[in-house]
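Student: Have a look at this prediction, sequence included:
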Amino acid sequence: MMSLSDAVRAGAGPRELAAAEVPAEFLAAHLRIEDEKTFDGIEGDRDVRNTLHVGTVPMPELAPDEVLIAVMASSINYNTVWSATFEPLSTFGFLQAYGRQGGWAKRHDRPFHVLGSDAAGVIVRAGSGVRRWRVGDHVLVNAACVEDQEASVQADGMLSENQLAWGFETNYGGLAHYTIARASQLIPKPAHLAWEEAATIPACGGTAYRMLVSDRGARMKQGDVVLIWGASGGLGSYAVQLVKNGGGIAVGVVGSEEKARAARALGCDLVINRQEHDFGGESDDEPEVAVAQGKRLGRLIRDGVGEDPHIVFDNVGRSTFGISVFLARRGGTVVTCGSSTGYQHRFDNRYLWMRLKRIVGSHVANLQEQVDTARLFDQGSLVPALTSLFPLEETGEATRLVQLNQHIGKVGVLCLADRPGLGVTDPERRARIGEERLTLMRAYAHDGVRAA
């Protein structure tokens, strides 16, 4: 009898998958608790390749409300950089806190941490409490792991007091051959996409959708001018597409001419290269500097599109946030989901309160928002942001690319899939949307990166 991994790779049906034995251990990109102090006292570069390991870890027992997924592909998110540098906190602290809840949560408190907040794969086992999903289903995983017995979740899953970032605040994430996820995290995989394309969607695509489109975010409407910091990155690539798909005007800020070309290819109406204009530097969180920079950037935006931004999309944090608050028009909105340059933001509050602006905090997306996002991919309204692609064994190199901000779009990782292009079960739809459109961002793969 073939192994479970071989059965998945061969495209076996539900009966064959159910009959194959679940392995006792599996290959995974992970951290080790003994490396927790690796960067103590180091002020300079914290190279993630020093702490990211790829090796075997034991298979966890499956909880009743969970599924075991054979991961075909995953992708790199910035939280993997935070995890591997143990900044601002060691994620082993998250696992230990989770484990103290007892019950099934105790499985997560281990001396290793399997990382990854994206996954596309095949369900190979379903817990006794799983009702809507079956072995053999092709799925994506929402990075938001919520407590579905809380009352607040009935209004919005992201309001859960015990909401955790899967693969960051939980163990057994998606950068592995196998992962566990709650049934309440599962999203149907768009059938026309390859595994590695689909794996780039949930964490960044869903986050951008909630930030811009959802009534819990900025509530973007037709004609809105939207300023997008990092318009060629993973989040930014999906934000640009959502703005254009929704009838908005996309203004992208990027850090190089190559990134500017990518932003234009995605549909940005105006692209501003920070290298040419010096915005968003280390001192730009000083309120007086941010206002001066904001005035310069504001003139460029008005010259380019005729008016100030209705919405500013900011996941950069400390180095841009003061400028964002200044730049949003009177009554406008700054929506934020992260702070890759630092969490402590400084801004001149007069430009917020006296001009009636809003700051909206946003985090990942609830399950309905994720399903709505996947539907836009099904329609061909959005296309994958995949650029570079690595094998699982080179997860350290893939994460390093993101750590140094040398990437464009989303950096993918092949897990059980042994080559790109697998997993397409609706080739007719793929042909209708067009190969050139679906692979638009692959032209911006980082030099020297192998396509696995």
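Tutor: Nice, I can see it. Residues are numbered from 1 along each chain as shown.
Student: Let me know the average pLDDT across the lengthiest helix in the chain.
Tutor: Secondary structure of the chain per DSSP state H: the longest helix is helix 287-305. The pLDDT scores in helix 287-305 average 93.
Student: Over to stretch 4-11?
Tutor: Mean per-residue pLDDT for stretch 4-11: 97.
Student: so where do the helices sit in the stretch 101-250 of the chain?
Tutor: Secondary structure of the stretch 101-250 of the chain (DSSP state H, counting those that start in this stretch): helices located at 195-198, 207-212, 234-245.
Student: Which of the ones you listed has the highest mean neighbour count?
Tutor: Mean neighbour count (mean count of other C-beta atoms under 10 Å) peaks for helix 195-198 among the helices of the stretch 101-250 of the chain, with a mean of 30. Where you see a C-beta, it was placed from the backbone N, CA and C, and this is true even at glycine.
Student: quick one on the thing from earlier: do you know which of the helices of the stretch 101-250 of the chain lies nearest Ala19?
Tutor: helix 195-198 (23.0 Å; C-beta to C-beta).
Student: Please produce JSON lines containing the helices of the stretch 101-250 of the chain, extended by mean pLDDT.
Tutor: Listed next are the helices of the stretch 101-250 of the chain as JSON lines, based on pLDDT from 0 to 100:
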{"stretch": "helix 195-198", "mean pLDDT": "98"}
{"stretch": "helix 207-212", "mean pLDDT": "98"}
{"stretch": "helix 234-245", "mean pLDDT": "97"}
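Student: Would you mind putting the ones you listed into JSON lines with distance to Leu140 alongside?
Tutor: Converted to JSON lines, the helices of the stretch 101-250 of the chain look like this (distance: least, C-beta to C-beta, whole Å):
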{"stretch": "helix 195-198", "distance to Leu140": "6"}
{"stretch": "helix 207-212", "distance to Leu140": "13"}
{"stretch": "helix 234-245", "distance to Leu140": "14"}
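Student: so which of those gets nearest Glu276?
Tutor: helix 234-245 (17.9 Å).
Student: So which elements touch that closest one?
Tutor: In terms of contacts (3 or more C-beta pairs under 8 Å, 6 or more residues apart in numbering; DSSP states H and E), helix 234-245 is packed against helix 207-212, strand 225-229, strand 249-254, helix 257-266, strand 311-314, strand 410-414.
Student: Out of these, the one nearest Thr56 is which?
Tutor: Of the helices and strands packed on helix 234-245, nearest to Thr56 by C-beta to C-beta is strand 410-414, at 17.0 Å.
Student: nearest residue to Thr341 other than its sequence neighbours?
Tutor: Distances taken as C-beta to C-beta, 6 or more residues apart in numbering place Ser319 nearest to Thr341, at 4.2 Å, with adjacent residues excluded.
Student: if we can go back for a sec, so the longest helix of the chain versus strand 225-229, what angle?
Tutor: Using axes from the mean of the first three to the mean of the last three C-alpha atoms, to 10 degrees, the inter-axis angle of helix 287-305 relative to strand 225-229 is 130 degrees.
Student: How far does the top strand by length along the chain sit from its chain's centre?
Tutor: For the chain, the strand that runs over the most residues, judged by DSSP state E, is strand 66-75. Chain-centre distance of strand 66-75: 15 Å, with C-alpha atoms, centre = their mean, to the nearest Å.
Student: pLDDT of it, averaged?
Tutor: For strand 66-75, mean pLDDT is 98.
Student: tilt between whichever helix or strand comes after that strand and strand 66-75?
Tutor: Remark: after strand 66-75, the chain's next helix or strand is helix 78-85, criterion DSSP states H and E. Per the same axes, to 10 degrees, the angle that helix 78-85 makes with strand 66-75 is 90 degrees.
Student: related to what we said a few turns ago, turn the helices and strands packed on helix 234-245 into TSV, columns for distance to Leu367.
Tutor: As requested, the helices and strands packed on helix 234-245 are exported to TSV (distance: least, C-beta to C-beta, whole Å):
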stretch	distance to Leu367
helix 207-212	11
strand 225-229	25
strand 249-254	27
helix 257-266	27
strand 311-314	22
strand 410-414	21
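Student: Between those, which one is closest to Phe92.
Tutor: Closest to Phe92 of the helices and strands packed on helix 234-245 is strand 410-414 (C-beta to C-beta; 22.3 Å).
Student: Does that closest one pack against any helices or strands, and if so which?
Tutor: Here strand 410-414 touches strand 66-75, helix 195-198, helix 234-245, strand 386-391, helix 395-403, going by 3+ C-beta pairs under 8 Å, 6+ apart.
Student: Can you give the distance of the longest one from its chain's centre?
Tutor: Distance, stretch centre to chain centre, for helix 234-245: 13 Å (C-alpha atoms, centre = their mean).
Student: What of the fourth one?
Tutor: A distance of 14 Å separates the centroid of the chain from that of strand 386-391, by C-alpha atoms, centre = their mean.
Student: ditto for the shortest one
Tutor: Between the centre of helix 195-198 and the centre of its chain there are 13 Å (C-alpha atoms, centre = their mean).
Student: CA atoms of that helix as CSV?
Tutor: Backbone C-alpha positions of helix 195-198 (Å, rounded to 0.1, in the frame of the first residue of the first chain) are rendered in CSV as follows:
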residue,chain,number,x,y,z
TRP,A,195,-1.6,24.8,-5.3
GLU,A,196,1.2,27.4,-5.1
GLU,A,197,-1.0,30.2,-6.5
ALA,A,198,-3.9,29.4,-4.2
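Student: Just the residues contacting that helix, thanks.
Tutor: Here helix 195-198 makes contact (C-beta atoms under 8 Å, 6 or more residues apart in numbering) with 72-73, 75, 120-121, 140, 189-190, 377, 384, 386, 389, 412-414, 417, 420, 422-423, 438.
Student: picking up where we left off before, which one, of the helices of the stretch 101-250 of the chain, ends up nearest to Asp45?
Tutor: Asp45 sits nearest to helix 234-245 of all the helices of the stretch 101-250 of the chain, at 21.8 Å, using C-beta to C-beta.
Student: The closest one vs helix 78-85, what angle?
Tutor: Per the same axes, to 10 degrees, the angle that helix 234-245 makes with helix 78-85 is 170 degrees.
Student: Can you give me the end-to-end span of stretch 423-432?
Tutor: By C-alpha to C-alpha, to the nearest Å, the extent of stretch 423-432 from end to end equals 17 Å.
Student: List phi and psi for Ser90.
Tutor: Per-residue torsions, Ser90: phi -70, psi 130 (degrees, to the nearest 10).
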